[in-house]
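J.: take a look and give me a structure for this.
(2 chains)
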Amino acid sequence: MTILEAERLSIAFGGVRAVNEVSLAVPRGMVFSIIGPNGAGKTTLFNLFSGLYVPLEGRVRFAGEDVTGLSPDRLARRGLSRTFQNLQIFFRMTALENVMVGRHRHEATGILSDLLHLPSVGRQNRRTREAAYAALARVGLEGEAVRPAGALPYGALKRLEIARGLASEPKVLLLDEPAAGCNPVETRELDGVIRSIVKDGVTVVLVEHDMRLVMNVSDRIHVLANGRTLAEGTATEVRSNSAVVEAYLGIHGSQEAAHAFG
Amino acid sequence: MLTHRLAALAWVAAIIVLVPLLFPSAYYYRVGALVFIFALAATGLNLLMGFAGQVSLGHAGFLGIGGYAVAIGPTYLGSPSWLSILGGAALSGLVAFLVGKPILRLKGHYLAVATLGFGVLVAIVLTNEAAWTGGPDGMSVPRLVLFEWRVSGSQTWYWVAAVTFIVGAVLALNLIDSPTGRALKAIHDSEVASSVLGVDVAREKLVVFVISAIYASVAGSYLALFNGHVTPDVSGFLRSIELVAMVVLGGMGSVAGSLVGAAVLVVLPQTLTMLHDYEHMVLGLMLMGFMIFLRQGIVPSLAAALARRRT
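T.: Predicted coordinates:
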């Protein structure tokens, strides 16, 4: 069953079609990867899914409903969360507080009860803190809970964003290059993290350049090039698709393509 | 978290009670009352600036609305002063809602200029609507009477202002430690990340703008009642700048900092008058010195220095 669907999605920036009539359907409970050379439109597609961009043409459907043009916060409240390629961390907050913000959509907020700090707010704060702590533990950051986010190394911040997204208990989690800037050990740990997320029934959509990670965890792979769909299939199918190999060869040189698909 | 907060409040309460023991004359109570009144306005503005990261260069406009509410209400509308304080606060909240809805979409410098425009607008209205406001000369403000109790004199106002500041500070600290408070801090650092986590950024900004306007309005009412007189200067551009300076000097995002910032900017000009011609120069130099050496604001910088020494 499809949980997230793009139907002939297009968006243009200054006459350039960054995403051009892309259609794809993400089945529930899978790891669905979107790959392609730089500038293929992967992050733009994520921005369209998460409501940061409004498409020029086409529709987005989420959990059976047309959500085209819905604001990011509304989509988030319906259960769509994401991470960012270039980090969007709350640097003034601790790691735990960062993740607590992820619980926002589950918190009852009343401005009067918040100002008066009614007992219900205290109880809710405790529940939020516990859930946030659990989310931190899932990415192995429970030891860093009280550290200011600004003091954490890059790889930890990447995982912090995943924990923050997880804390919102999304139906779909969009991961935008979670392995970028991580060392090989951290990247390998990501395999397990992503598998455990899916095991909990969360659908993962992954944009990633690290082909070892993509080939390892993906149930399906969608390949973009120049804003258009190039191919879609399982890891094996994509790897043996000549158009895909060519797109990578043309842009990255044989070394990387060989490494990616070898 | 809660015990930490209570400890901080206990300190502030102790200071409020103990400092008057050192006061040699009623004049000091007067200065003290002004400190708490401005600290109240600064605390509200700090919620907007220090936590949500939205600047306002027109907050004295709300001081003006509150100040004139307690002048016009009793004089022309027959509403008692205490009710006029509430009426002014409600009006300020409403105005903040109507003004904030369009202008809070703006960011950074653009928002600063838009709020500046709002403050100037209020000052112009207060100056020109002479039939209601007495024009540039302002108008006198009847005394506050609460259940037959005439609130007058510097000493009385010291206590009234102090208690009100404490209430304001507690509400602000409550807000910070709540879902709304976390959302505000998140907005400060990344609006995009906040929104994809379900935070309605526009709504939260509007909420905190309204709250900060109400703080300023109550402070404005107190100021007018305390002085027994109000002029359009209360919402002048310099007043707005002064409020911003209190927040930044004391420490963005620190409620205690708002009290310290207000204290410095109220007390310093009073003590520096003995320098006569050099008063403003020395004040300016001191403010520059504070910002150079205590870059995060007085309270956060000193707290960080203290934490470093302990470890």
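J.: and A:Glu7, how far is that from chain B?
T.: 22 Å (Cβ to the nearest Cβ, to the nearest Å). Every C-beta, even on glycine, is put in place using the N, C-alpha and C of the backbone.
J.: go ahead and name everything in contact with the helix or strand containing that residue.
T.: Using DSSP states H and E, the element containing A:Glu7 is strand A:2-13. Strand A:2-13 has contacts (Cβ atoms under 8 Å, 6 or more residues apart in numbering or on different chains) with A:17-28, A:44-45, A:48-49, A:53-63, A:80, A:171-172, A:203, A:205.
J.: which among those count as buried?
T.: A:17-20, A:22, A:24-26, A:44-45, A:48-49, A:53, A:55, A:58, A:60-63, A:80, A:171-172, A:203, A:205 (16 or more other Cβ atoms under 10 Å in any protein chain shown).
J.: mind checking which of the residues you listed land in strands?
T.: With DSSP state E as the criterion, strands contain A:17-20, A:22, A:24-26, A:58, A:60-62, A:80, A:172, A:203, A:205 from among those.
J.: surely A:Ser120 touches A:Leu112?
T.: No: contact criterion Cβ atoms under 8 Å: A:Ser120 and A:Leu112 do not qualify, at 11.3 Å.
J.: pLDDT weak spots in chain B?
T.: B:1-4, B:311 (pLDDT under 70).
J.: near chain A, which residues of it?
T.: Within chain B, the positions adjacent to chain A are B:2, B:171, B:174-175, B:177-183, B:185-186, B:188-190, B:192-201, B:207, B:211, B:253 by Cβ under 8 Å from any Cβ of the partner chain.
J.: relative to A:Gly36, how far out is A:Lys42?
T.: 6 Å (Cβ to Cβ, to the nearest Å).
J.: if I look at these two, which residues touch both of them?
T.: What both A:Lys42 and A:Gly36 touch, as defined by Cβ under 8 Å, 6+ apart, is the set A:Leu224.
J.: mind listing the strands for chain B?
T.: Using DSSP E, strands in chain B cover B:139-140, B:144-146, B:149-151, B:229-230.
J.: what sits up against the third one?
T.: So the one you mean is strand B:149-151. B:143-145, B:157, B:160, B:225.
J.: returning to that earlier point: A:Ser120 and A:Leu112 - which one has more neighbours?
T.: A:Ser120 (11 against 7; other Cβ atoms under 10 Å in any protein chain shown).
J.: secondary structure element for that one?
T.: helix A:119-138.
J.: other SSEs contacting that helix?
T.: Under the contact criterion of 3 or more Cβ pairs under 8 Å, 6 or more residues apart in numbering or on different chains; DSSP states H and E, helix A:119-138 touches helix A:95-102, helix A:111-116, helix A:154-167, helix A:184-199, helix B:179-189.
J.: now that helix, how far from the chain's geometric center?
T.: In terms of Cα atoms, centre = their mean, to the nearest Å, the centre of helix A:119-138 is set 23 Å apart from its chain centre.
J.: tell me how far B:Val35 lies from chain A.
T.: 23 Å.
J.: relative to B:Ser258, how far out is that residue?
T.: 11 Å.
J.: neighbour count for the two, which is higher?
T.: B:Ser258 (35 against 23).
J.: report the contact partners of that one.
T.: B:39, B:42-43, B:45-46, B:246-247, B:250-251.
J.: mind giving me the PyMOL select for those residues, buried ones only?
T.: Selecting only the buried members of the contacts of B:Ser258 in PyMOL, with burial defined as 16+ other Cβ under 10 Å, works like this:
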select buried, chain B and resi 39+42+43+45+46+246+247+250+251
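J.: also near chain B: which of the ones in strands among the buried ones among the contacts of strand A:2-13, exactly?
T.: Among those, chain B is touched by none when using Cβ under 8 Å from any Cβ.
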